[in-house]
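A.B. asks: pasted the sequence and its predicted model underneath.
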Amino acid sequence: MTAINDLFTAGQFFLIITVELVILFIGISFLVGLIREYVPEEKIRNVLTSKRRGVGNIFGAFFGALTPFCSCSTIPILVGLLDVGVPFGIAYSFLIASPLLNPVIFFLILALFGVVPTLIYTIITFSIAVISGILLERAGYGRYVKAVTLEKGCCCNGEYSENSVHKTQFSRALTFAFTLFRQIVPYLILGAAIGAFIYGFIPEELIVAAAGPDNPLAIPVAAVIGVPMYIRAETIIPISAVLLEKGMGIGAVMALIIGGAGASIPEVTLLASIFEKRLVAAFVVTVLGVAVLAGVLFQVLSNMGILI
């Protein structure tokens, strides 16, 4: 009887969170589609090429937060920025901010964790994106960029571009939203399913013992685990919401999200085609540093009663 009740609870949770995430994602994707219409990639390149270092890093991180949300798009855009003469440090700030601050992650964190955690997350990741770009350029890491030429075509936006030439900006944004939704929906459902399983069947005591707020190793371990998991942010965020509810420390939860979203194996593999090993390592260390720093700060604020 207990197993049946657990199954019912998990199924109910799955239906509720799936509907919420689908509605939220389509709305967010539509807004991003509108942003793409008014802030096209060519305009981003022109602005970043004309900016000086420092200010340019801020603009790079800002535009990174507006980009599409898969490495298939981010890496070609990065190469395009470097090809047209955008300084390495500015392009690097763009690279760090793009997977960690895109609108999908921002609004999912906002919906699932609330305003204060989202603001803290945004400040930390944006600041690290700007600072790391400045520091790595001053350290001369730009010399570790391989000579790569941008090739046209990307699995994330080819269909959208070709089929929407004669449409209005509104309809193109709507087409973008549903095209992207078709690509992402399996990951959303997977995340909701895993989260429902954890919610219904995994004992709260087990999660607290392994990754609770009193475990000092929970945050760095969660950050490192996030990298090889190969779970997209759209999948890991609903899972993380359940883990938080079941007793996992909020610091470990945020470290897991940042590690998985910022330095997934597919993105690191793509980066290896344009960066030499030392620069790829610097990228991974940057993301892990952000994950641990954010995790520690979140946990400290939670222990002080500032966060839930």
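C.D. replies: On my side now, so go ahead.
A.B. asks: the nearest residue to Tyr141 once chain neighbours are set aside and Asn46: what is the separation?
C.D. replies: If the residues on either side of it in the chain are set aside, Tyr141 comes closest to Leu279, at 5.5 Å by C-beta to C-beta, 6 or more residues apart in numbering. No exception for glycine: its C-beta is placed from N, CA and C like everyone else's. To Asn46, Leu279 is 25 Å away according to C-beta to C-beta, to the nearest Å.
A.B. asks: neighbour count for these two, which is higher?
C.D. replies: A count of neighbours by other C-beta atoms under 10 Å puts Leu279 above the other of Leu279 and Asn46, at 21 against 13.
A.B. asks: wait, what's in contact with that one?
C.D. replies: Contact partners of Leu279, counting by C-beta atoms under 8 Å, 6 or more residues apart in numbering, are Leu136, Tyr141, Tyr144, Val145, Leu271.
A.B. asks: same check on Leu288?
C.D. replies: For Leu288, the residues meeting the contact criterion (C-beta under 8 Å, 6+ apart) are Ala223, Val224, Val227, Gly259, Ala263.
A.B. asks: how near is it to Ala223?
C.D. replies: Counting by C-beta to C-beta, the gap from Leu288 to Ala223 is 5 Å.
A.B. asks: for Ile16, same thing?
C.D. replies: In terms of C-beta to C-beta, Ile16 sits 29 Å off from Ala223.
A.B. asks: which stretches of the stretch 101-250 of the chain have low pLDDT?
C.D. replies: By pLDDT under 70, the low-scoring segments of the stretch 101-250 of the chain are 148-167, 180, 183-184, 187-188, 191-192, 195, 198-204, 206-208, 210-211, 227-235.
A.B. asks: give me the neighbour count for Met248.
C.D. replies: Neighbour count for Met248, taken as other C-beta under 10 Å: 24.
A.B. asks: helix, strand or coil for it?
C.D. replies: The three-state label given to Met248 by DSSP: H, G, I helix; E, B strand; the rest coil is coil.
A.B. asks: isn't it up against Asp214?
C.D. replies: No - counting by C-beta atoms under 8 Å, Met248 stays clear of Asp214, with 11.5 Å between them.
A.B. asks: just to revisit the earlier point, Ile16 and Ala223: which is more packed in?
C.D. replies: A count of neighbours by other C-beta under 10 Å puts Ala223 above the other of Ile16 and Ala223, at 29 against 12.
A.B. asks: check contacts around that one.
C.D. replies: Ala255, Leu256, Ile258, Gly259, Leu288, Ala291, Val292, Gly295.
A.B. asks: and the second one, how many neighbours?
C.D. replies: Right, the one you point to is Leu256. As a measure of burial, Leu256 has 29 neighbours, counting by other C-beta under 10 Å.
A.B. asks: show me where the stretch 201-308 of the chain has helices.
C.D. replies: 204-211, 218-226, 233-245, 250-262, 265-271, 277-303 (DSSP state H, counting those that start in this stretch).
A.B. asks: buried stuff in the longest one?
C.D. replies: Taking 16 or more other C-beta atoms under 10 Å as the basis for neighbour counts, the residues of helix 277-303 that come out buried are 279-280, 282-284, 286-288, 290-295, 297-299, 301-302.
A.B. asks: and of the contacts of Leu288, the nearest to Ser93?
C.D. replies: Set against Ser93, the nearest of those by C-beta to C-beta is Ala263 (15.7 Å).
A.B. asks: show me what contacts that closest one?
C.D. replies: Neighbours of Ala263 in contact, by C-beta under 8 Å, 6+ apart: Gly226, Val227, Phe283, Val284, Val287, Leu288.
A.B. asks: how many residues are close by the nearest residue to the third one once chain neighbours are set aside?
C.D. replies: Read that as Phe283. Distance criterion C-beta to C-beta, 6+ apart; nearest residue to Phe283, sequence neighbours excluded, is Leu271 at 6.1 Å. A total of 19 residues lie near Leu271 under the criterion other C-beta under 10 Å.
A.B. asks: wait, what's in contact with Leu271?
C.D. replies: For Leu271, the set of contacting residues under the criterion of C-beta under 8 Å, 6+ apart consists of Ile75, Leu279, Val280, Phe283.
A.B. asks: identify the farthest-apart pair in those.
C.D. replies: Of all the pairs that the contacts of Leu271 form, the one spanning the most space (C-beta to C-beta) is Ile75 and Leu279, at 13.4 Å.
A.B. asks: show me where the stretch 51-200 of the chain has its helices.
C.D. replies: 55-64, 71-83, 88-101, 103-113, 115-138, 158-162, 169-201.
A.B. asks: in CSV: those helices, plus distance to Leu243 and mean neighbour count.
C.D. replies: Compiled in CSV, the helices of the stretch 51-200 of the chain are given as follows (distance: least, C-beta to C-beta, whole Å; neighbours: other C-beta atoms under 10 Å):
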stretch, distance to Leu243, mean neighbour count
helix 55-64, 27, 23
helix 71-83, 24, 21
helix 88-101, 19, 27
helix 103-113, 11, 20
helix 115-138, 14, 19
helix 158-162, 34, 13
helix 169-201, 7, 18
